[in-house]
Each structure stands twice: as structure tokens, then as C-alpha cells.
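Asks: sequence-free structure coming up:
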């Protein structure tokens, strides 16, 4: 399961961030590290980008970027 699979209000714990490029590094720098609990709080009218709550702040990312983050349900 990935962050892109969550429904609004759904939560998950980050297991890993796939890839080895600049986007992956940026996601890790923004707090999407293993063990972080993330909640989907909203999405744009056409479904992209997605807004998440994690570590006390809100983060919006594209659906394709959210699909890189593997999670386990909380």
C-alpha cells in the first residue's frame, strides 16, 4: 500500500520511500522517513495534488510522488 492509495482521513506509517533520485531525497528531507505517521487530509478537485499531515505540519505532493511512499496501516 502507498500514500496514493489512502482515502481522506486515512492514516499510515511510512515503511520506505522508493527510488534513488532527487524527488526521493526531497521527500525524505520533508519528513517522509520510516516510522513517520501520515494522514491524508485533502486533495485538489481533480485528485492531484494530495495534502498530508505529518510531524505537526501539512505537506502537499503529487499523486505520483505519493505512490513512491510505501506505508502500513495504523
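Replies: Nice, thanks for sending it over. Computed from a prediction, not measured in an experiment: that's the story for all the values here. Residues are numbered from 1 along each chain as shown.
Asks: From the contact counts, what lies against the top helix by length along the chain?
Replies: Using DSSP state H, we find that the single longest helix of the chain is helix 22-29. On a contact count with 3 or more CB pairs under 8 Å, 6 or more residues apart in numbering; DSSP states H and E, helix 22-29 meets strand 11-17. To be clear about C-beta, it is placed using only N, CA and C from the backbone, and glycine gets the same treatment.
Asks: Contacts for stretch 7-16 next, please.
Replies: With CB atoms under 8 Å, 6 or more residues apart in numbering as the test, stretch 7-16 has contacts from 1, 3, 6, 32-43, 69-74.
Asks: Now do the same for it: mean pLDDT, whole number.
Replies: Computed over stretch 7-16, the mean pLDDT rounds to 96.
Asks: before we move on, what about stretch 21-28?
Replies: 94.
Asks: so how far is it from its chain's centroid?
Replies: How far stretch 21-28 lies from its chain's middle: 12 Å, per CA atoms, centre = their mean, to the nearest Å.
Asks: before we move on, the earlier item: buried only: go through the contacts of stretch 7-16 for me.
Replies: 3, 6, 32, 38, 39, 40, 41, 43, 69, 71 (16 or more other CB atoms under 10 Å).
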